[in-house]
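Asks: need a 3D model of the following:
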Amino acid sequence: MCGRFNGALLKDSFSSAFRSITSNKLRSVLTMAMIALGIMCLVGIQTAIESLSSSVEDTFNRMGAGRFTLHSSFENTPDERNSQRTVITAKEICDFYTLYSVPSAKAVYVQTHSGAEVRNKRGVRSAPVSDIYAVKGDYLNVKGLSIAEGRWFSEGDDSGYNNVCVIGAGLRESLFGGDSCLGEELIAGNVSLKIVGVFLKKGAMFSAGMDNSVVIPLQCYLNGFPDKTLSYEAAIVPYDDMQYAKDEAIALFRNIRRLVPSDENDFSVDTSSGIDGTLGDMKGALSASALLVGLITILGSVVGLMNILIVAVRERIVEIGTCEALGATSGQIGFQFLLESVLMGQGGCIAGVVLGVAAGNIAALLMKCSAAIPWNWIWISVIICLVVSILAGVIPARRAASANPVESLRHE
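Replies: Down below sits the predicted model:
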């Protein structure tokens, strides 16, 4: 602990700090474990959030920047119990698809069944249950989907002459064990469908449902399925001006719905930017929650670290007196204990960062998202640990620095 020159003093201080930490292994490990737990919570959650955000952004990029969706809304009445949904009919959505002329990728669709049970000719049933969508237009592009095997619908299929379908990769594995299923028959309700394609497996949060879905041509649904009272939607990805394309869609659909200028829209138009804003708000809330959990845990470790250093001051009172008798100043003595606090804090921080990144990426792997490293939050964690370890070491350092050398040497 004692030293005459700055370089020698710093080296001696680090050596003494390491000796002190390693001589009380159990106590030091428990203290660093508390710090590591708080940092692991913070970094682990942030890693999972970054990974999930990256996958969500990638999904939206594949779906097309600036996509907007036209769908039914809720008509609010004074009595909320009597609020009713304004249904968009098949004729209205098909008229919109035919008349909308702004250059864009466009598709109209409806979810005909949610949680339906489908089966193959051998009686093997889907597990889990499947969603069935009836679509028309450039559905692949507006939804960011790809065909892994087979083909998409032809003009003849879209005209409703053929009962065909494209299924998700998960459904193929469930019904056919992963073998090729092109040309096989699928039974949905009482309708037999020929499989002509299989979607590329997605597995990300916002498209995992398509892995267990069945997609059929819209006209096939209108010809062969009994329930036609569902509400339909349209999705548009404009090639040029987003606002112009959106205004044109609203004006056209108001005409189709025969709304007069004084009427409010009885349908809704949502943009992907609005969804991005909602996702950003959710990400911010989760990040703040993770920070709060981490700080609460680290706060508990600060108290533990401070108590351990106070005990260390009492145990090493003779060592402190000896160094003071040999010429060590109060500042050098205080620096020694402050250094020990910082080393334990940073040791716990390093362990917490490593464990947090590992835990977060394991969670991302389970969600089938790409790996991520939240560098900003790692640096924030280092700064937090540096600050709290300095704060925890101030009181013990002052006690050590103010120790009377004569009384300290008498202590034993």
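
Asks: Val108: what secondary structure?
Replies: Three-state call for Val108 (DSSP: H, G, I helix; E, B strand; the rest coil): strand.

Asks: if I've got this straight, Leu305 is in a helix?
Replies: Yes - checked against three-state DSSP, Leu305 lies within a helix.

Asks: that one touches Val342, doesn't it?
Replies: No - counting by Cβ atoms under 8 Å, Val342 is not a contact partner of Leu305; they are 10.2 Å apart. Just so you know, the C-beta spots here come from the backbone N, C-alpha and C atoms, and that holds for glycine as well.

Asks: shared neighbours, the two?
Replies: 389, 393 (Cβ atoms under 8 Å, 6 or more residues apart in numbering).

Asks: the more surrounded of these two?
Replies: Neighbours around Leu305 and Val342, counted as other Cβ atoms under 10 Å, are more numerous at Leu305. The numbers are 27 against 17.

Asks: Ile187 against Asn120, yeah?
Replies: Yes - between Ile187 and Asn120 there is a contact at 7.2 Å, judged by Cβ under 8 Å.

Asks: got the CA positions of the helix or strand hosting Ser268 in CSV?
Replies: Assessed by DSSP states H and E, Ser268 sits inside strand 267-271. Only the C-alpha atoms of strand 267-271 are listed here, as CSV (Å, rounded to 0.1, in the frame of the first residue of the first chain):
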residue,chain,number,x,y,z
PHE,A,267,-63.2,3.2,-42.6
SER,A,268,-59.6,3.6,-41.3
VAL,A,269,-56.3,4.0,-43.1
ASP,A,270,-53.1,3.1,-41.1
THR,A,271,-49.6,3.7,-42.2
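
Asks: what helices and strands are in contact with it?
Replies: strand 68-72, helix 242-256 (3 or more Cβ pairs under 8 Å, 6 or more residues apart in numbering; DSSP states H and E).

Asks: give me the contacts around it.
Replies: Taking Cβ under 8 Å, 6+ apart as the rule, strand 267-271 contacts 66-73, 86, 88, 242, 246, 249-250, 253, 257.

Asks: tilt between that strand and helix 242-256?
Replies: 170 degrees (axes from the mean of the first three to the mean of the last three Cα atoms, to 10 degrees).

Asks: and strand 267-271, average pLDDT?
Replies: In this model, strand 267-271 has an average pLDDT of 85.

Asks: shouldn't Ala148 be within a helix?
Replies: No - assigned with three-state DSSP, Ala148 falls outside any helix and is strand.

Asks: and Ser15, how many neighbours?
Replies: 11.

Asks: next helix or strand past the helix or strand where it lies?
Replies: Ser15 belongs to helix 6-23 when assigned by DSSP H and E. Following helix 6-23 in sequence order, the next helix or strand is helix 25-63 (DSSP H and E).

Asks: buried stuff in that following helix?
Replies: 27-29, 31-32, 34-56, 59-60, 63 (16 or more other Cβ atoms under 10 Å).

Asks: so how far is Ala285 from the residue nearest the centre of the chain?
Replies: The chain has Leu52 as the residue nearest its centroid, 2.9 Å off, counting by Cα atoms, centre = their mean. Relative to Ala285, Leu52 is positioned 13 Å away (Cβ to Cβ, to the nearest Å).

Asks: now do the strands in the stretch 51-200 of the chain.
Replies: 68-72, 74-75, 84-85, 104-116, 118-120, 130-137, 147-150, 164-167, 185-188, 191-199 (DSSP state E, counting those that start in this stretch).

Asks: could you single out the most deeply buried of the helices and strands packed on strand 267-271?
Replies: Among the helices and strands packed on strand 267-271, strand 68-72 has the highest mean neighbour count (mean count of other Cβ atoms under 10 Å), at a mean of 19.

Asks: who does that one touch, helix- and strand-wise?
Replies: Going by 3+ Cβ pairs under 8 Å, 6+ apart, strand 68-72 lies up against strand 233-238, helix 242-256, strand 267-271.

Asks: how about the last one: buried residues?
Replies: Counting neighbours by 16+ other Cβ under 10 Å, one finds that the buried residues in strand 267-271 are 267, 269, 271.

Asks: now it and strand 68-72, what's the angle there?
Replies: Using the same axes, to 10 degrees: strand 267-271 against strand 68-72 is 160 degrees.

Asks: and the longest one, by the same measure?
Replies: Between the axis of helix 242-256 and that of strand 68-72 there is an angle of 20 degrees, by the same axes, to 10 degrees.
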